[in-house]
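Peer 1: any chance you could fold what I've pasted below:
(one chain, ligands or ions: 1)
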Amino acid sequence: MAVSLTDIRKTFGDRAAVDGVTAEIEDGEFFVVLGPSGCGKSTLLRMISGLETLDGGRVALDGRPVAGPGTHVPPEARNVGVVFQSYALWPHMDVRDNVAFPIESAGGGRRAARADAERHLATVALEEFAARRPAELSGGQRQRVALARCLAGGARTILMDEPLANLDPHLRASMEEEIHAFHRRAGATTLYITHDQREAMALASRVAVMARGRFQQVATPQALHDRPGTEEVARFIGRAAVLPATLEADGQATLAGQRVAVATAGPTAPGPVSVVIRPGDVRLGDGPLTARLERVFYRGGAWEAMAAVEGLPEALPVTSARPLRTGETAPLTLTGGWVLPAPASETPGHDAGRQTLSEPVE
Ligand SMILES: Nc1ncnc2c1ncn2[C@@H]1O[C@H](COP(=O)(O)OP(=O)(O)OP(=O)(O)O)[C@@H](O)[C@H]1O
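Peer 2: Alright, predicted model coming up:
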(Lines give C-alpha, C1' and ligand atoms only; values in the text may rest on other atoms or scores of the structure.)
Protein backbone atom coordinates (compact mmCIF):
# COMPACT_ATOMS: atom_id res chain seq x y z
CA MET A 1 0.00 0.00 0.00
CA ALA A 2 1.48 3.37 -0.98
CA VAL A 3 -0.18 5.40 1.76
CA SER A 4 -1.71 3.79 4.80
CA LEU A 5 -3.54 5.94 7.34
CA THR A 6 -4.78 4.37 10.55
CA ASP A 7 -7.09 6.42 12.75
CA ILE A 8 -4.99 9.57 12.44
CA ARG A 9 -5.90 12.53 14.64
CA LYS A 10 -4.88 16.12 15.17
CA THR A 11 -6.37 18.58 17.64
CA PHE A 12 -5.74 22.32 17.82
CA GLY A 13 -6.79 23.59 21.25
CA ASP A 14 -10.05 21.82 21.93
CA ARG A 15 -10.86 21.44 18.27
CA ALA A 16 -10.30 18.19 16.33
CA ALA A 17 -9.05 19.24 12.87
CA VAL A 18 -8.58 15.59 11.85
CA ASP A 19 -10.76 13.29 13.87
CA GLY A 20 -9.84 9.68 13.10
CA VAL A 21 -9.11 9.13 9.41
CA THR A 22 -8.39 5.63 8.16
CA ALA A 23 -7.62 4.91 4.50
CA GLU A 24 -5.50 2.68 2.29
CA ILE A 25 -4.27 4.35 -0.91
CA GLU A 26 -2.92 2.00 -3.52
CA ASP A 27 0.25 2.35 -5.52
CA GLY A 28 -0.35 4.60 -8.54
CA GLU A 29 -3.77 5.71 -7.40
CA PHE A 30 -5.09 9.26 -7.87
CA PHE A 31 -6.86 9.79 -4.57
CA VAL A 32 -8.74 13.04 -4.04
CA VAL A 33 -9.85 14.41 -0.67
CA LEU A 34 -12.85 16.68 -1.28
CA GLY A 35 -14.38 18.84 1.39
CA PRO A 36 -15.36 22.38 2.34
CA SER A 37 -13.02 24.95 3.80
CA GLY A 38 -11.94 24.07 7.32
CA CYS A 39 -12.84 20.36 7.18
CA GLY A 40 -9.24 19.35 7.88
CA LYS A 41 -7.88 18.58 4.40
CA SER A 42 -4.64 20.55 4.67
CA THR A 43 -3.93 19.28 8.16
CA LEU A 44 -4.34 15.71 6.88
CA LEU A 45 -1.90 16.35 4.05
CA ARG A 46 0.59 18.03 6.36
CA MET A 47 0.52 15.00 8.66
CA ILE A 48 1.27 12.68 5.73
CA SER A 49 4.12 14.88 4.49
CA GLY A 50 5.60 15.18 7.98
CA LEU A 51 5.07 18.96 8.32
CA GLU A 52 2.68 18.26 11.19
CA THR A 53 2.98 15.74 14.02
CA LEU A 54 0.13 13.37 14.91
CA ASP A 55 -1.88 13.37 18.14
CA GLY A 56 -2.96 9.80 17.46
CA GLY A 57 -2.88 7.04 14.87
CA ARG A 58 -0.25 5.94 12.38
CA VAL A 59 0.97 6.78 8.87
CA ALA A 60 2.93 4.33 6.71
CA LEU A 61 4.36 5.12 3.26
CA ASP A 62 5.21 2.19 0.99
CA GLY A 63 4.89 -0.07 4.01
CA ARG A 64 7.33 1.97 6.11
CA PRO A 65 5.96 3.51 9.32
CA VAL A 66 6.72 7.25 9.18
CA ALA A 67 4.46 8.61 11.91
CA GLY A 68 2.89 7.13 15.02
CA PRO A 69 3.53 6.73 18.72
CA GLY A 70 7.25 7.41 19.17
CA THR A 71 7.88 7.75 15.42
CA HIS A 72 8.20 10.94 13.37
CA VAL A 73 10.26 10.63 10.20
CA PRO A 74 11.12 14.19 9.04
CA PRO A 75 9.55 15.43 5.79
CA GLU A 76 12.76 15.26 3.76
CA ALA A 77 13.21 11.57 4.58
CA ARG A 78 9.67 10.53 3.56
CA ASN A 79 10.14 10.41 -0.20
CA VAL A 80 7.02 12.48 -0.81
CA GLY A 81 6.75 15.55 -3.02
CA VAL A 82 4.40 18.36 -2.13
CA VAL A 83 2.83 20.79 -4.59
CA PHE A 84 1.07 23.74 -3.00
CA GLN A 85 -1.13 26.37 -4.60
CA SER A 86 1.74 28.78 -4.34
CA TYR A 87 4.32 27.05 -6.46
CA ALA A 88 7.27 27.75 -4.18
CA LEU A 89 9.76 28.02 -7.04
CA TRP A 90 13.06 29.82 -6.55
CA PRO A 91 12.65 33.14 -8.38
CA HIS A 92 16.39 33.69 -8.97
CA MET A 93 16.93 30.29 -10.66
CA ASP A 94 15.87 29.39 -14.17
CA VAL A 95 13.41 26.58 -14.73
CA ARG A 96 16.10 23.96 -15.34
CA ASP A 97 17.92 24.79 -12.10
CA ASN A 98 14.68 24.83 -10.14
CA VAL A 99 14.15 21.23 -11.21
CA ALA A 100 17.83 20.24 -10.97
CA PHE A 101 18.25 21.59 -7.45
CA PRO A 102 16.71 18.65 -5.56
CA ILE A 103 18.77 16.20 -7.63
CA GLU A 104 21.98 18.11 -7.02
CA SER A 105 21.33 18.49 -3.32
CA ALA A 106 20.72 14.74 -3.08
CA GLY A 107 24.31 14.29 -4.25
CA GLY A 108 23.94 14.06 -8.03
CA GLY A 109 26.64 16.06 -9.87
CA ARG A 110 25.62 19.36 -11.45
CA ARG A 111 25.85 18.11 -15.06
CA ALA A 112 23.93 14.92 -14.34
CA ALA A 113 21.36 16.88 -12.35
CA ARG A 114 20.76 19.28 -15.24
CA ALA A 115 20.44 16.42 -17.73
CA ASP A 116 17.97 14.72 -15.42
CA ALA A 117 16.06 17.96 -15.02
CA GLU A 118 15.64 18.20 -18.81
CA ARG A 119 14.13 14.73 -18.83
CA HIS A 120 11.60 15.70 -16.15
CA LEU A 121 10.83 18.95 -17.97
CA ALA A 122 10.03 16.85 -21.04
CA THR A 123 7.51 14.89 -18.94
CA VAL A 124 5.64 18.13 -18.27
CA ALA A 125 6.21 19.42 -21.84
CA LEU A 126 8.37 22.38 -20.78
CA GLU A 127 11.72 21.57 -22.44
CA GLU A 128 11.60 24.82 -24.39
CA PHE A 129 11.21 26.88 -21.24
CA ALA A 130 14.26 25.53 -19.42
CA ALA A 131 16.18 28.81 -19.53
CA ARG A 132 13.33 31.05 -18.34
CA ARG A 133 12.85 32.40 -14.85
CA PRO A 134 9.59 31.53 -13.02
CA ALA A 135 8.43 35.16 -13.38
CA GLU A 136 8.41 34.67 -17.16
CA LEU A 137 5.96 31.76 -17.02
CA SER A 138 2.18 31.52 -16.78
CA GLY A 139 0.57 30.13 -13.64
CA GLY A 140 -0.04 26.80 -15.34
CA GLN A 141 3.55 26.55 -16.53
CA ARG A 142 4.83 27.31 -13.02
CA GLN A 143 2.60 24.58 -11.73
CA ARG A 144 4.19 22.19 -14.23
CA VAL A 145 7.67 23.18 -13.07
CA ALA A 146 6.59 22.37 -9.52
CA LEU A 147 5.40 18.95 -10.71
CA ALA A 148 8.69 18.32 -12.54
CA ARG A 149 10.57 19.24 -9.38
CA CYS A 150 8.56 16.68 -7.41
CA LEU A 151 9.56 14.02 -9.91
CA ALA A 152 13.19 15.16 -9.79
CA GLY A 153 13.15 14.77 -6.03
CA GLY A 154 12.39 11.09 -6.63
CA ALA A 155 9.00 11.33 -4.98
CA ARG A 156 7.01 8.12 -5.26
CA THR A 157 4.09 9.82 -3.65
CA ILE A 158 2.96 13.29 -4.61
CA LEU A 159 0.76 15.36 -2.34
CA MET A 160 -1.08 18.28 -3.94
CA ASP A 161 -2.79 20.94 -1.87
CA GLU A 162 -5.33 22.80 -4.07
CA PRO A 163 -2.70 23.26 -6.79
CA LEU A 164 -5.13 24.87 -9.23
CA ALA A 165 -6.88 27.22 -6.82
CA ASN A 166 -5.10 30.33 -8.15
CA LEU A 167 -5.76 29.73 -11.82
CA ASP A 168 -8.47 31.16 -14.07
CA PRO A 169 -11.19 28.71 -15.20
CA HIS A 170 -9.70 28.08 -18.66
CA LEU A 171 -6.26 27.42 -17.33
CA ARG A 172 -7.74 25.25 -14.61
CA ALA A 173 -9.43 23.03 -17.17
CA SER A 174 -6.27 22.65 -19.22
CA MET A 175 -4.19 22.04 -16.08
CA GLU A 176 -6.62 19.30 -15.06
CA GLU A 177 -5.78 17.61 -18.34
CA GLU A 178 -2.08 18.21 -17.74
CA ILE A 179 -2.23 16.73 -14.27
CA HIS A 180 -4.17 13.77 -15.56
CA ALA A 181 -1.61 13.17 -18.33
CA PHE A 182 1.25 13.73 -15.89
CA HIS A 183 -0.20 11.14 -13.55
CA ARG A 184 -0.53 8.62 -16.36
CA ARG A 185 3.07 9.17 -17.49
CA ALA A 186 4.76 9.40 -14.12
CA GLY A 187 2.59 6.77 -12.42
CA ALA A 188 3.26 8.32 -8.99
CA THR A 189 0.67 7.78 -6.29
CA THR A 190 -1.10 11.11 -5.96
CA LEU A 191 -3.05 12.47 -3.04
CA TYR A 192 -4.85 15.60 -4.12
CA ILE A 193 -6.95 17.87 -1.97
CA THR A 194 -9.56 20.27 -3.22
CA HIS A 195 -12.87 21.87 -2.36
CA ASP A 196 -13.84 21.82 -6.04
CA GLN A 197 -16.21 19.00 -6.74
CA ARG A 198 -15.90 19.15 -10.50
CA GLU A 199 -12.13 18.93 -10.27
CA ALA A 200 -12.35 15.98 -7.88
CA MET A 201 -14.76 14.08 -10.12
CA ALA A 202 -12.62 14.75 -13.21
CA LEU A 203 -9.30 13.62 -11.76
CA ALA A 204 -9.88 10.98 -9.11
CA SER A 205 -9.69 7.24 -9.23
CA ARG A 206 -11.31 7.50 -5.79
CA VAL A 207 -12.69 10.44 -3.84
CA ALA A 208 -12.87 10.76 -0.07
CA VAL A 209 -15.59 13.21 0.93
CA MET A 210 -14.34 14.88 4.10
CA ALA A 211 -16.35 16.84 6.70
CA ARG A 212 -15.77 17.56 10.37
CA GLY A 213 -12.31 15.98 10.28
CA ARG A 214 -13.53 12.63 8.98
CA PHE A 215 -13.96 10.77 5.73
CA GLN A 216 -17.72 10.54 5.26
CA GLN A 217 -17.47 8.26 2.22
CA VAL A 218 -14.66 6.94 0.02
CA ALA A 219 -15.69 5.76 -3.44
CA THR A 220 -15.16 6.17 -7.17
CA PRO A 221 -16.60 9.42 -8.58
CA GLN A 222 -19.41 7.50 -10.26
CA ALA A 223 -20.31 5.56 -7.12
CA LEU A 224 -20.35 8.77 -5.06
CA HIS A 225 -22.78 10.29 -7.52
CA ASP A 226 -24.95 7.21 -8.14
CA ARG A 227 -24.76 5.51 -4.75
CA PRO A 228 -24.12 8.10 -2.03
CA GLY A 229 -23.91 6.62 1.45
CA THR A 230 -25.56 9.48 3.31
CA GLU A 231 -27.95 12.32 2.66
CA GLU A 232 -25.12 14.76 3.33
CA VAL A 233 -22.96 13.22 0.58
CA ALA A 234 -25.97 12.97 -1.78
CA ARG A 235 -26.60 16.70 -1.44
CA PHE A 236 -22.92 17.65 -1.61
CA ILE A 237 -22.17 15.76 -4.84
CA GLY A 238 -24.06 16.91 -7.94
CA ARG A 239 -27.71 17.89 -7.80
CA ALA A 240 -30.19 15.87 -5.80
CA ALA A 241 -33.53 15.79 -4.05
CA VAL A 242 -33.81 13.47 -1.05
CA LEU A 243 -37.39 12.35 -0.50
CA PRO A 244 -39.13 10.23 2.11
CA ALA A 245 -40.88 7.19 0.61
CA THR A 246 -42.04 3.71 1.52
CA LEU A 247 -40.16 0.79 0.02
CA GLU A 248 -42.41 -2.13 -1.00
CA ALA A 249 -41.41 -5.77 -0.99
CA ASP A 250 -41.15 -5.74 -4.82
CA GLY A 251 -38.35 -3.10 -4.74
CA GLN A 252 -40.60 -0.23 -5.79
CA ALA A 253 -41.20 2.96 -3.87
CA THR A 254 -44.18 5.26 -4.11
CA LEU A 255 -43.36 8.94 -4.69
CA ALA A 256 -46.18 11.48 -5.21
CA GLY A 257 -48.44 8.54 -6.08
CA GLN A 258 -46.11 7.16 -8.77
CA ARG A 259 -44.55 3.76 -8.24
CA VAL A 260 -40.84 3.86 -9.09
CA ALA A 261 -38.29 1.03 -9.32
CA VAL A 262 -35.46 2.14 -7.03
CA ALA A 263 -31.96 0.77 -6.45
CA THR A 264 -30.71 -0.26 -3.03
CA ALA A 265 -27.25 -1.02 -1.61
CA GLY A 266 -28.29 -4.61 -0.82
CA PRO A 267 -31.27 -6.47 0.51
CA THR A 268 -33.35 -3.76 2.18
CA ALA A 269 -36.36 -4.37 4.40
CA PRO A 270 -39.63 -2.84 3.18
CA GLY A 271 -40.65 0.27 5.09
CA PRO A 272 -39.81 3.96 5.29
CA VAL A 273 -36.71 4.98 3.33
CA SER A 274 -35.05 8.11 1.90
CA VAL A 275 -34.75 8.14 -1.88
CA VAL A 276 -32.14 10.22 -3.73
CA ILE A 277 -33.39 11.60 -7.05
CA ARG A 278 -30.82 12.86 -9.58
CA PRO A 279 -31.61 14.65 -12.85
CA GLY A 280 -31.06 11.31 -14.63
CA ASP A 281 -33.97 9.85 -12.64
CA VAL A 282 -36.45 12.40 -13.98
CA ARG A 283 -37.88 12.55 -17.51
CA LEU A 284 -39.59 15.77 -18.52
CA GLY A 285 -42.19 15.92 -21.29
CA ASP A 286 -44.54 13.05 -20.47
CA GLY A 287 -45.80 11.13 -17.50
CA PRO A 288 -48.26 10.98 -14.67
CA LEU A 289 -46.90 13.89 -12.61
CA THR A 290 -47.16 17.62 -13.24
CA ALA A 291 -44.33 19.93 -12.29
CA ARG A 292 -43.89 23.67 -12.12
CA LEU A 293 -40.38 24.70 -13.12
CA GLU A 294 -38.38 27.04 -10.91
CA ARG A 295 -34.84 28.35 -10.87
CA VAL A 296 -34.17 27.76 -14.56
CA PHE A 297 -30.57 28.19 -15.68
CA TYR A 298 -28.96 27.72 -19.06
CA ARG A 299 -25.71 25.81 -18.67
CA GLY A 300 -23.99 25.63 -22.04
CA GLY A 301 -25.97 23.18 -24.14
CA ALA A 302 -28.60 22.25 -21.56
CA TRP A 303 -31.14 23.85 -19.29
CA GLU A 304 -31.30 23.05 -15.61
CA ALA A 305 -34.28 23.66 -13.36
CA MET A 306 -35.96 22.55 -10.16
CA ALA A 307 -39.32 20.88 -10.74
CA ALA A 308 -41.87 21.37 -7.96
CA VAL A 309 -44.36 18.50 -7.87
CA GLU A 310 -47.47 18.55 -5.71
CA GLY A 311 -47.19 16.07 -2.87
CA LEU A 312 -43.37 16.10 -2.80
CA PRO A 313 -41.69 18.04 0.01
CA GLU A 314 -38.80 19.10 -2.21
CA ALA A 315 -38.40 20.12 -5.86
CA LEU A 316 -36.65 17.66 -8.19
CA PRO A 317 -33.51 18.59 -10.15
CA VAL A 318 -34.09 18.33 -13.90
CA THR A 319 -31.98 18.79 -17.02
CA SER A 320 -33.35 19.36 -20.48
CA ALA A 321 -31.96 19.76 -23.98
CA ARG A 322 -34.97 21.90 -24.94
CA PRO A 323 -35.27 25.43 -23.57
CA LEU A 324 -37.13 25.71 -20.27
CA ARG A 325 -38.93 28.73 -18.82
CA THR A 326 -39.35 29.65 -15.17
CA GLY A 327 -42.98 29.15 -14.17
CA GLU A 328 -43.93 26.76 -16.97
CA THR A 329 -45.72 23.53 -16.11
CA ALA A 330 -44.58 20.27 -17.64
CA PRO A 331 -45.53 16.60 -17.35
CA LEU A 332 -42.88 14.48 -15.71
CA THR A 333 -42.01 10.82 -14.96
CA LEU A 334 -39.73 9.45 -12.29
CA THR A 335 -37.63 6.69 -13.82
CA GLY A 336 -35.49 5.63 -10.87
CA GLY A 337 -33.88 6.60 -7.60
CA TRP A 338 -31.35 5.47 -5.04
CA VAL A 339 -32.39 4.34 -1.57
CA LEU A 340 -29.97 5.67 1.05
CA PRO A 341 -28.55 2.95 3.29
CA ALA A 342 -29.92 3.08 6.86
CA PRO A 343 -27.85 5.65 8.78
CA ALA A 344 -25.15 4.36 11.10
CA SER A 345 -25.57 5.89 14.55
CA GLU A 346 -23.17 8.75 15.32
CA THR A 347 -20.29 7.88 17.60
CA PRO A 348 -20.98 9.21 21.11
CA GLY A 349 -18.88 12.23 21.92
CA HIS A 350 -18.40 13.28 18.32
CA ASP A 351 -19.74 16.77 17.79
CA ALA A 352 -21.98 15.94 14.88
CA GLY A 353 -23.66 18.87 13.25
CA ARG A 354 -20.84 21.30 13.90
CA GLN A 355 -20.40 21.77 10.17
CA THR A 356 -22.26 20.41 7.20
CA LEU A 357 -20.66 19.84 3.83
CA SER A 358 -22.48 22.80 2.36
CA GLU A 359 -21.63 25.24 5.13
CA PRO A 360 -17.94 25.99 5.47
CA VAL A 361 -16.93 26.62 9.03
CA GLU A 362 -14.79 29.64 10.05
N1 LIG B 1 -1.86 25.58 13.21
C2 LIG B 1 -3.15 25.65 13.56
N3 LIG B 1 -3.54 26.14 14.74
C4 LIG B 1 -4.84 26.20 15.11
N5 LIG B 1 -5.86 25.77 14.34
C6 LIG B 1 -5.55 25.26 13.14
C7 LIG B 1 -4.20 25.18 12.68
N8 LIG B 1 -4.21 24.63 11.44
C9 LIG B 1 -5.51 24.38 11.14
N10 LIG B 1 -6.31 24.76 12.16
C11 LIG B 1 -7.79 24.61 12.21
O12 LIG B 1 -8.10 23.27 11.93
C13 LIG B 1 -9.24 23.18 11.07
C14 LIG B 1 -8.87 22.45 9.78
O15 LIG B 1 -7.97 23.26 9.03
P16 LIG B 1 -7.39 22.83 7.63
O17 LIG B 1 -6.46 23.88 7.17
O18 LIG B 1 -6.87 21.45 7.73
O19 LIG B 1 -8.73 22.82 6.76
P20 LIG B 1 -8.90 22.75 5.18
O21 LIG B 1 -10.00 21.78 4.96
O22 LIG B 1 -7.62 22.49 4.52
O23 LIG B 1 -9.41 24.21 4.85
P24 LIG B 1 -9.12 25.13 3.56
O25 LIG B 1 -9.77 24.45 2.40
O26 LIG B 1 -9.79 26.42 3.94
O27 LIG B 1 -7.64 25.24 3.43
C28 LIG B 1 -9.70 24.61 10.84
O29 LIG B 1 -10.74 24.88 11.74
C30 LIG B 1 -8.47 25.43 11.14
O31 LIG B 1 -8.82 26.70 11.58
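Peer 1: quick one, strands of the stretch 101-250 of the chain?
Peer 2: Secondary structure of the stretch 101-250 of the chain (DSSP state E, counting those that start in this stretch): strands at 157-161, 189-194, 206-211, 214-219, 241-247.
Peer 1: the longest one - contacts with which helices or strands?
Peer 2: Read it as strand 241-247. helix 231-236, strand 252-255, strand 271-277 (3 or more C-beta pairs under 8 Å, 6 or more residues apart in numbering; DSSP states H and E). All C-beta spots, glycine's among them, are computed from the backbone N, C-alpha and C.
Peer 1: nearest to the ligand, of those?
Peer 2: helix 231-236 (13.9 Å; C-beta to the nearest ligand atom).
Peer 1: residues in contact with the closest one?
Peer 2: Residues from elsewhere that reach helix 231-236 (C-beta atoms under 8 Å, 6 or more residues apart in numbering): 197, 209, 211, 216-217, 224, 228, 240, 242, 274, 276, 338, 340, 356-358.
Peer 1: rerun that using 10 Å as the cut-off
Peer 2: Residues outside helix 231-236 that contact it (C-beta atoms under 10 Å, 6 or more residues apart in numbering) are 34-36, 197, 207, 209, 211-212, 216-217, 219, 224-225, 227-228, 230, 240-242, 274-278, 338, 340, 343, 356-358.
Peer 1: of these, which ones also sit close to the ligand?
Peer 2: residue 35 (C-beta under 6 Å from any ligand atom).
Peer 1: which of the contacts of helix 231-236 are buried?
Peer 2: By neighbour count, with 16 or more other C-beta atoms under 10 Å, the contacts of helix 231-236 hold 34-36, 197, 207, 209, 211-212, 216-217, 219, 224-225, 227-228, 230, 240-242, 274-278, 338, 340, 357 as buried.
Peer 1: could you check how far residue 8 is from residue 214?
Peer 2: 11 Å (C-beta to C-beta, to the nearest Å).
Peer 1: with neighbour numbers in mind, choose between these two.
Peer 2: residue 8 (24 against 19; other C-beta atoms under 10 Å).
Peer 1: give the contact list for residue 322.
Peer 2: Contacts of residue 322 by C-beta under 10 Å, 6+ apart are 284-285, 302-303, 330.
Peer 1: per-residue confidence at it?
Peer 2: Residue 322 carries a pLDDT value of 93.
Peer 1: over to the one 3 residues further on?
Peer 2: Model confidence at residue 325, given as pLDDT, is 94.
Peer 1: show me what contacts the closest residue to it other than its chain neighbours?
Peer 2: Spatial nearest neighbour of residue 325, chain neighbours left out: residue 296 (6.4 Å); criterion: C-beta to C-beta, 6 or more residues apart in numbering. Residue 296 makes contact with 303-306, 318, 320, 323-328 under the criterion C-beta under 10 Å, 6+ apart.
Peer 1: got it, and residue 74?
Peer 2: Contacts of residue 74 by C-beta under 10 Å, 6+ apart are 50-51, 66.
Peer 1: kindly report the same for residue 108.
Peer 2: With C-beta under 10 Å, 6+ apart, residue 108 has these contacts: 100, 102, 114-117, 152.
Peer 1: mind running it again at 7 Å?
Peer 2: Counting by C-beta atoms under 7 Å, 6 or more residues apart in numbering, residue 108 touches residue 116.
Peer 1: quick check: the closest residue to the ligand within the stretch 101-250 of the chain vs residue 40, distance?
Peer 2: For the stretch 101-250 of the chain and the ligand, the shortest gap (C-beta to the nearest ligand atom) falls at residue 195, measuring 5.3 Å. Distance, residue 195 to residue 40, by C-beta to C-beta: 12 Å.
Peer 1: skipping adjacent residues, who's closest to residue 275 in space?
Peer 2: residue 337 (4.2 Å).
Peer 1: what's the offset of the host helix or strand of residue 17 from the middle of its chain?
Peer 2: Taking DSSP states H and E as the criterion, residue 17 maps to strand 15-25. Relative to its chain's centre, strand 15-25 lies at 15 Å (C-alpha atoms, centre = their mean, to the nearest Å).
Peer 1: what does stretch 276-294 give?
Peer 2: With C-alpha atoms, centre = their mean, you get 29 Å for stretch 276-294.
Peer 1: run the chain-centre distance for stretch 266-284.
Peer 2: For stretch 266-284, the distance to the chain centre is 24 Å (C-alpha atoms, centre = their mean).
Peer 1: in stretch 70-85, what counts as buried?
Peer 2: Here stretch 70-85 shows 73, 75, 78-83, 85 as buried, counting by 16+ other C-beta under 10 Å.
Peer 1: what about the spatially closest residue to residue 154 that is not a sequence neighbour? Give its phi and psi, please.
Peer 2: Nearest residue to residue 154, sequence neighbours excluded (C-beta to C-beta, 6+ apart): residue 79, at 6.6 Å. For residue 79, the backbone dihedrals (degrees, to the nearest 10) come out as phi 60, psi 30.
Peer 1: would you check that my belief about residue 79 contacting residue 156 is correct?
Peer 2: Yes. At 5.6 Å, residue 79 counts as touching residue 156 under the criterion of C-beta atoms under 7 Å.
Peer 1: check contacts around residue 215.
Peer 2: Taking C-beta under 7 Å, 6+ apart, one finds 21, 23, 208-209 in contact with residue 215.
Peer 1: that one pairs with what?
Peer 2: On the basis of DSSP bridges, residue 215 is bridged to residue 210.
Peer 1: any idea how far it is from residue 18?
Peer 2: Relative to residue 18, and taking C-beta to C-beta, residue 215 is found at 10 Å.
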